[in-house]
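*Asks:* return atomic coordinates for the entry below.
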Amino acid sequence: MNQTQQAINTLMSQVEQSVIGQAHVVRSLVIGLLTQGHVLLEGLPGTAKTRSVKSLADNLHTSFGRIQFTPDLLPSDVTGTEVYQEQNGKPQLNFQPGPIFNSIVLADEINRAPAKVQAALLEAMAEGTITVGDRTHTLPDLFMVLATQNPVEQEGTYPLPEAQMDRFIMKVSVDYPDDDAELDIIRLVRSEENLDNKPSDKECSENDTIPKPDAIQLDPSVVMQARAELSKIEVSEISERYIVALVMATRKPERYAESNLSRWVEVGSSPRASIALDKCARAYAWLQGRDYVEPDDIRAMAYLVLGHRVTLSYDALADGVTQEQVINELLDHVVIG
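*Replies:* Predicted coordinates for the structure are as follows:
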């Protein structure tokens with residue numbers, strides 16, 4: 001394991017200290033960072049979605065912006081706006097950047113905003129630019145949208161457009177923690193409260209000191225180096241064909257007559273799914289310290305990359321079939337090689 005891999009693994013370990021019982025979420029955020037992708041976190045309120053993103057941002061030496069999405073949000077609240085000002089007695093319009101002009105952007109409760117706001121965010125995610133008036137502004141080189149959303153069954157939420165869902169390289173489900181993790185969460189929050197309320201160092205005795213992990217503030221150049229190393233990860237033709245077979249099975253499920261795919265899948269995945277699965281599998285292998293992709297790397301990432309890119313049929317929805325079940329069926333019937 002080289003120095004870059006050690007630094008990224010240290011970043012993951014540091015974030016996991018602040019987010020208990022959600023190791024898969026932390027790994028997914030880091031994979032999104034390495035693959036220059038955007039990540040959507042879905043889960044019920046209180047499952048540390050926002051905390052995970054903020055913890056990642058705290059440990060990166062880069063800019064961070066948060067947008068709280070609400071039904072009355074305007075596109076200018078995200079992108080920024082042109083402000084009328086006078087300079088040397090002459091009126092002119094100056095652009096005031098919005099919170100989207102940060103490297104790490106938390107789009108909190110993204111599915112509570114109206115369509116116009118979603119359209120403005122889609123341009124940023126797709127093109128890395130923002131258009132205000134007749135001018136186009138370029139976003140930072142290190143730019144990543146980490147969005148959270150509550151399930152669409154929750155009151156006041158709206159399903160995201162398929163085009164926008166496709167722009168997220170991964171969709172991660174955030175579940176409730178188990179018993180032991182819940183206990184650790186209580187203790188972590190209590191220790192953080194003690195740290196916030198403890199006396200100053202001069203007034204505090206040695207026994208009163210409660211250790212708190214310091215943010216490592218990883219330099220963005222390390223992330224750029226890691227991205228460069230991902231391009232050197234070997235992907236065999238067998239693995240390439242496996243990726244293609246998985247994606248094509250969502251588009252032509254009739255090829256697998258013995259499965260439920262043709263009954264469950266209404267619309268399959270776009271070519272972005274193939275690209276995303278290749279990128280994420282390489283990142284997953286790199287984090288394992290390997291310079292080549294194994295089929296198990298592809299299988300491990302299939303749930304996060306393909307699930308939100310498959311549109312379920314009416315029969316599947318009526319039977320309560322989930323996207324996870326569809327990917328299970330996919331992996332069960334698509335053979336390697």
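*Asks:* parallel or antiparallel, which strands does whichever strand or helix holds Asn94 pair with?
*Replies:* Taking DSSP states H and E as the criterion, Asn94 maps to strand 90-97. Paired neighbours of strand 90-97 in the sheet (DSSP bridges): strand 80-87 (antiparallel).
*Asks:* can you pull the buried residues of the partner strand?
*Replies:* Neighbour-count burial for strand 80-87, counted by 16 or more other CB atoms under 10 Å, picks out 80-81. All C-beta atoms are positioned from the backbone trio N, CA, C, and that covers glycine.
*Asks:* C-alpha coordinates for that strand, PDB please?
*Replies:* Extracted as PDB, the C-alpha positions of strand 80-87 are listed here (Å, rounded to 0.1, in the frame of the first residue of the first chain):
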ATOM      1  CA  GLY A  80     -25.800  33.000  -6.700                       C
ATOM      2  CA  THR A  81     -27.100  36.100  -8.500                       C
ATOM      3  CA  GLU A  82     -26.000  39.300 -10.100                       C
ATOM      4  CA  VAL A  83     -26.200  42.300  -7.700                       C
ATOM      5  CA  TYR A  84     -26.500  45.900  -8.800                       C
ATOM      6  CA  GLN A  85     -23.700  48.000  -7.400                       C
ATOM      7  CA  GLU A  86     -22.100  51.400  -8.100                       C
ATOM      8  CA  GLN A  87     -18.400  51.600  -8.600                       C
END
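*Asks:* show me what that strand is in contact with.
*Replies:* Surrounding strand 80-87, the residues in contact under the criterion CB atoms under 8 Å, 6 or more residues apart in numbering are 91-98, 100-101, 130, 132-133.
*Asks:* Ile238: which of these is nearest?
*Replies:* For the contacts of strand 80-87, the residue nearest Ile238 by CB to CB is Ile100; the value is 40.8 Å.
*Asks:* surely that closest one is within a helix?
*Replies:* No: inclusion of Ile100 in a helix is not indicated when DSSP: H, G, I helix; E, B strand; the rest coil is applied; the result is coil.
*Asks:* before we move on, the earlier item: put together TSV for the contacts of strand 80-87, with distance to Met170 on each row.
*Replies:* Shown next, in TSV, are those (distance: CB to CB, whole Å):
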residue	distance to Met170
Pro91	47
Gln92	43
Leu93	39
Asn94	37
Phe95	32
Gln96	32
Pro97	27
Gly98	25
Ile100	20
Phe101	24
Ile130	23
Val132	29
Gly133	33
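*Asks:* show me where this protein has strands.
*Replies:* For the chain, applying DSSP state E gives strands covering 38-42, 64-68, 80-87, 90-97, 104-108, 129-132, 135-138, 144-149, 168-173, 265-267, 311-312.
*Asks:* show me where this protein has helices.
*Replies:* Counting by DSSP state H, the chain has these helices, from start to end: 3-18, 23-34, 49-58, 75-79, 115-127, 162-167, 179-197, 220-230, 237-251, 261-264, 271-287, 295-306, 314-318, 323-333.
*Asks:* with distance to Thr148 and mean neighbour count added, can I get those in a markdown table?
*Replies:* Listed next are the helices of the chain as a markdown table, based on distance: least, CB to CB, whole Å; neighbours: other CB atoms under 10 Å:
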| stretch | distance to Thr148 | mean neighbour count |
| --- | --- | --- |
| helix 3-18 | 15 | 17 |
| helix 23-34 | 11 | 22 |
| helix 49-58 | 4 | 22 |
| helix 75-79 | 15 | 20 |
| helix 115-127 | 13 | 18 |
| helix 162-167 | 14 | 16 |
| helix 179-197 | 18 | 11 |
| helix 220-230 | 22 | 16 |
| helix 237-251 | 26 | 18 |
| helix 261-264 | 27 | 19 |
| helix 271-287 | 20 | 22 |
| helix 295-306 | 15 | 22 |
| helix 314-318 | 24 | 13 |
| helix 323-333 | 18 | 18 |
